[in-house]
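Visitor: Have a look; sequence and predicted model below, questions after that.
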Amino acid sequence: MPTNSKHPETVVLHSGYRSDPATNAVAVPIYQTTSYQFRDTQHAANLFGLAELGNIYTRIMNPTNDVLEQRVAALEGGVAALALGSGQAASLFAVQNICHAGDNFVASTDLYGGTWNLFANTLKTMGIECRFVDPADPENFRRATDARTRCYYAETLPNPKLTVFPIGEVAKIGRELGVPLIMDNTASPVICRPLDHGAAIVMHSTTKYIGGHGTSIGGILVDGGNFDWEKHKDRFPMLNTPDPSYHGAVWTQATKPMGPVAYIIKARVTLLRDVGAPMSPFNAFMFIQGLETLPLRMRVHCDNADKVAQHLSKHAKITKVIHPTLMKGEAKKRAETYLSRGMGALVGFELKGGADAGRKFIDNLKMFYHVANIGDARSLAIHPASTTHSQLTPEEQAQTGVTPGYVRLSIGIEHIEDIVADLDKALAAA
Ligand code: PLP
């Protein structure tokens, strides 16, 4: 079980594993195997019947992945986790685990574009309706809720707006109505723990800060174990009525001896079994390496980003800098409430010279990488109007927070003087 009482710096090194039971290896081995020998037919039957927990087949579970799952669950203050092949798979599983055709869920409008597309278009083809609402007023979530609403979904620190989501306020509304809040915490691991503020489920694209080195694609879902699915029987038939895909198991009942893990066990043994989007054990190993230094890196990421935001806010060619430290009013209050250990490493800014200046700025960066990614140890930059958002009309771009001169930075852990020098040179040319 997760060692929740320890500090994050300790949890990421020690949770869920001491040494390899077979070899005593201290580093977590990569169990690159598809299958596992059953002791006998009774053992096999017990595993398939969930009477005993153990390894069957790597599409559904793997000992290397298990260590990553236990560590991320402990880091987030949850009870169990499920590693998946990408962040996109984690977002899909998070919703599909409790929503089927005819159901709906309510999501914040401030979402990563890939998630938005998955929710607005792909889930629609499956008969699942996503109702997008503006998170500036938490009550919008209540207003969009009806008897077929199965969950709320939002990002802690969405870009490009970087306005922190009102986690506690929306979680409270959800708990009044029996609706769990699912938080994408990709941009804010360690610095925010959504479960502490009432969220029920957390997901990450581990591709970003958890991996930290831009080597592997992965995702993870964490079950907070803090939502009473049984109390809201009518809202969650998929967890409270016999599941024909698993010899009639009622998940809230079948998982009781294992603790409050109905949601995550169902996701593993039905969705992962059927959809087949597992994380490879090699990538789990890479994420375990990344996780070990995550709290350290987040400290430097956040510290550097604060300094970059301050520096850019005084630059003559910049009209606006977007960073939680520079926000006012409600947005500032939310940032201070929910980002308790740092304000994140994303910084946005607008150039006076518009789209042309944005392109020139990017083309004159020497150290920053020009990539469509965030959360790497290296500093990254992108000009959304000419890349990720170029298919949208100027009006649509504005709705998502992207103006022609907007540039997004993902600040890395290089020395701050080198980061600022690279930005200053590119700004001089913009
Ligand atoms: N959530 C957020 C906030 C992201 O930024 C991304 C990817 O950029 C994803 C989810 C999707 O993750 P992946 O690329 O690992 O599928």
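Guide: Arrived safely. Numbering: from 1, shown residues only.

Visitor: Could you list every helix and strand in contact with the helix or strand hosting residue 308?
Guide: Taking DSSP states H and E as the criterion, the element that holds residue 308 is helix 294-312. Helices and strands touching helix 294-312, as assessed by 3 or more C-beta pairs under 8 Å, 6 or more residues apart in numbering; DSSP states H and E, comprise helix 8-14, strand 318-322, strand 346-351, helix 416-429. Yep, even glycine has a C-beta here, placed from its N, CA and C like the rest.

Visitor: give me that answer again for 10 Å
Guide: Using 3 or more C-beta pairs under 10 Å, 6 or more residues apart in numbering; DSSP states H and E as the contact test, the elements touching helix 294-312 are helix 8-14, helix 63-76, strand 318-322, strand 346-351, strand 406-410, helix 416-429.

Visitor: looking at these, which is closest to residue 268?
Guide: Distances from residue 268 to each of these were compared using C-beta to C-beta; the minimum, 9.6 Å, belongs to helix 63-76.

Visitor: pLDDT on the closest one, on average?
Guide: The average pLDDT for helix 63-76 rounds to 98.

Visitor: Could you tell me the angle between that helix and helix 294-312?
Guide: Angle, helix 63-76 to helix 294-312, by axes from the mean of the first three to the mean of the last three C-alpha atoms, to 10 degrees: 50 degrees.

Visitor: the domain parsing of the protein - what is it?
Guide: Each domain of the chain is listed here as a residue range: 15-282, 296-429, per automatic domain parsing.

Visitor: Any idea how far stretch 34-54 is from the middle of the chain?
Guide: 32 Å (C-alpha atoms, centre = their mean, to the nearest Å).

Visitor: Sort out which residues of that stretch are buried, please.
Guide: 36, 38, 44, 46, 47, 50 (16 or more other C-beta atoms under 10 Å).

Visitor: ok, now which ones touch the residue of the chain found nearest the ligand?
Guide: Residue nearest to the ligand within the chain (C-beta to the nearest ligand atom): residue 87, separated by 2.2 Å. Taking C-beta atoms under 10 Å, 6 or more residues apart in numbering as the contact definition, residue 87 lies against 112, 114-115, 184, 186, 203-208, 217-220.

Visitor: cool, residue 176 as well?
Guide: 142, 145.

Visitor: secondary structure class for it?
Guide: Using DSSP: H, G, I helix; E, B strand; the rest coil as the criterion, the local structure at residue 176 reads helix.

Visitor: Can you turn the buried subset of the contacts of residue 87 into a selection I can paste into PyMOL?
Guide: Listed next is the PyMOL selection for buried residues among the contacts of residue 87, using 16+ other C-beta under 10 Å:
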select buried, resi 112+115+184+186+203+204+205+206+207+208+217+218+219+220
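
Visitor: Just the contacts of residue 87: which are in helices?
Guide: Within those, residues falling in helices by DSSP state H are 114, 115.

Visitor: The contacts of residue 87 also near the ligand: which ones?
Guide: Among those, proximity to the ligand is found for 112, 114, 115, 184, 186, 205, 207, 217, 219 (C-beta under 6 Å from any ligand atom).

Visitor: now these in TSV, with pLDDT?
Guide: Rendered in TSV, the data for those read as follows (pLDDT from 0 to 100):
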residue	pLDDT
112	91
114	90
115	93
184	98
186	98
205	98
207	98
217	98
219	98
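
Visitor: Out of the helices and strands in the chain, which is least certain?
Guide: Within the chain, no helix or strand scores below helix 394-399, which has a mean of 80 by mean pLDDT, DSSP states H and E.

Visitor: Give me the contacts around that helix.
Guide: So helix 394-399 is in contact with 109, 160, 355, 384-385, 389-393, 402-404, 406, going by C-beta under 10 Å, 6+ apart.

Visitor: quick one: contacts for residue 296?
Guide: If you count contacts by C-beta under 10 Å, 6+ apart, residue 296 has them with 8, 9, 12, 190, 212, 413.

Visitor: what about residue 22, how many residues close to it?
Guide: For residue 22, the tally of surrounding residues (other C-beta atoms under 10 Å) stands at 9.

Visitor: Revised request: answer the last question for residue 247.
Guide: Neighbours of residue 247 (other C-beta under 10 Å): 11.

Visitor: I'd like the numbering to begin with 17 instead of 1 from here.
Guide: In the new count, where the first residue is 17, that last one comes out as residue 263.

Visitor: mind listing what it touches?
Guide: Counting by C-beta under 10 Å, 6+ apart, residue 263 touches 64, 65, 66, 270.

Visitor: Spatially nearest residue to residue 250 (excluding sequence neighbours)?
Guide: Distances taken as C-beta to C-beta, 6 or more residues apart in numbering put residue 163 closest to residue 250, at 7.6 Å, once the chain neighbours are dropped.

Visitor: Could you give the bridge partners of the spatially closest residue to the residue of the chain closest to the ligand that is not a sequence neighbour?
Guide: If the residues on either side of it in the chain are set aside, residue 103 comes closest to residue 221, at 2.5 Å by C-beta to C-beta, 6+ apart. On the basis of DSSP bridges, residue 221 takes part in beta bridges with residue 235.

Visitor: picking that back up, sort out which of the buried residues of stretch 50-70 are in helices and list them.
Guide: In helices, defined here by DSSP H, the members of the buried residues of stretch 50-70 are 60, 62, 63.

Visitor: okay, those in CSV with distance to residue 347 and pLDDT next?
Guide: Putting these into CSV (distance: C-beta to C-beta, whole Å; pLDDT from 0 to 100) gives the following:
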residue, distance to residue 347, pLDDT
60, 55, 95
62, 53, 93
63, 50, 93
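
Visitor: mind checking which helix or strand the closest residue to residue 59 other than its chain neighbours is in?
Guide: Beyond its immediate neighbours in the sequence, the residue positioned closest to residue 59 (C-beta to C-beta, 6+ apart) is residue 68, lying 7.2 Å away. Here residue 68 is covered by no helix or strand, with elements defined by DSSP H and E.

Visitor: List the contacts of residue 68.
Guide: The contact partners of residue 68, by C-beta under 10 Å, 6+ apart, come to 58, 59, 60, 61, 62.

Visitor: I'd like those residues written out as a markdown table, with distance to the ligand added.
Guide: Formatted as a markdown table, the entries for the contacts of residue 68 read as follows, by distance: C-beta to the nearest ligand atom, whole Å:
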| residue | distance to the ligand |
| --- | --- |
| 58 | 40 |
| 59 | 35 |
| 60 | 34 |
| 61 | 36 |
| 62 | 35 |
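
Visitor: ok, the residues you listed vs residue 85, which is closest?
Guide: Nearest to residue 85 among the contacts of residue 68, with distances taken as C-beta to C-beta, is residue 62, at 21.4 Å.

Visitor: residues touching the closest one, list them.
Guide: Residues in contact with residue 62, defined by C-beta under 10 Å, 6+ apart, are 54, 55, 56, 68, 69, 70.
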